[in-house]
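Enquirer: Below are the sequence and a predicted model; questions follow.
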Amino acid sequence: RARGVRAVAVDTSVWKVKLDDKLAATKPTKRKGDGAARAERADLLCLARINGGSARGGAFFLAPGEDLDAGAVEEFLGRCEGGRSLVEVTKVPSISERPPEVPKPVSPSAKPAAGKQTGADSKARGARGKQQGGKR
């Protein structure tokens with residue numbers, strides 16, 4: 001069934017997917033109270049031509065409950081294949097490599113002020129002086 005549908009997995013920790021705003025607004029949200037199985041579930045997204053025409057559309061699969069129902073998934077894939085019940089999009093979705101995370105710079109206020117010693121600094125200097133035989 002649904003032989004005209006192609007499945008693709010996208011790791012969104014590596015790739016950034018940009019969707020039309022209207023379609024992105026329909027994405028199901030994952031709330032804390034939804035349970036571990038639902039929070040770990042991947043999103044199913046259909047992208048197709050609407051009713052075989054030139055207009056493009058898309059839809060997210062909205063699971064009816066906690067568990068995936070084979071009948072509901074089959075019905076979703078059938079609608080996707082036929083281009084039915086889709087949100088019309090004006091911008092074609094795009095995918096690009098997610099830039100690597102850059103460490104956040106430390107603000108100057110987090111560092112001790114110049115000329116002021118912290119307790120750890122003075123203890124370390126005292127220990128070095130004793131090791132070198134010097135007097136403090």
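Expert: That came in fine, so what should we check first?
Enquirer: C-alpha only now, for contacts and for neighbours.
Expert: OK.
Enquirer: which element is residue 85 on?
Expert: Element membership of residue 85 [criterion: DSSP states H and E] is none; it lies in no helix or strand.
Enquirer: Tell me how many other residues crowd it.
Expert: Taking other Cα atoms under 10 Å as the neighbour definition, residue 85 ends up with a count of 14.
Enquirer: again, but for residue 90
Expert: 14.
Enquirer: you'd agree it is up against residue 20?
Expert: Yes. Residue 90 is within contact range of residue 20, at 6.9 Å (criterion: Cα atoms under 8 Å).
Enquirer: I believe residue 57 is in a helix; please confirm or correct that.
Expert: No. With DSSP: H, G, I helix; E, B strand; the rest coil as the criterion, residue 57 is located in strand rather than a helix.
Enquirer: Can you name the residues that contact it?
Expert: With contacts defined as Cα atoms under 8 Å, 6 or more residues apart in numbering, the neighbours of residue 57 are 47, 48, 49, 50, 83, 86, 87, 88, 89.
Enquirer: where's it relative to residue 91, distance?
Expert: For residue 57, the distance to residue 91 under the criterion Cα to Cα, to the nearest Å works out to 10 Å.
Enquirer: Which helix or strand contains residue 23?
Expert: Of the helices and strands defined by DSSP H and E, residue 23 is found in helix 21-24.
Enquirer: Can you show me the strands along this structure?
Expert: Across the chain, reading from the start of the chain, the strands by DSSP state E fall at 15-18, 45-49, 56-60, 87-89, 94-97.
Enquirer: And the residue nearest the centre of the chain, its phi and psi?
Expert: When the chain is reduced to its mean C-alpha position, the closest residue under Cα atoms, centre = their mean turns out to be residue 12, at 5.5 Å. As for residue 12, its main-chain torsions (degrees, to the nearest 10) stand at phi -80, psi 0.
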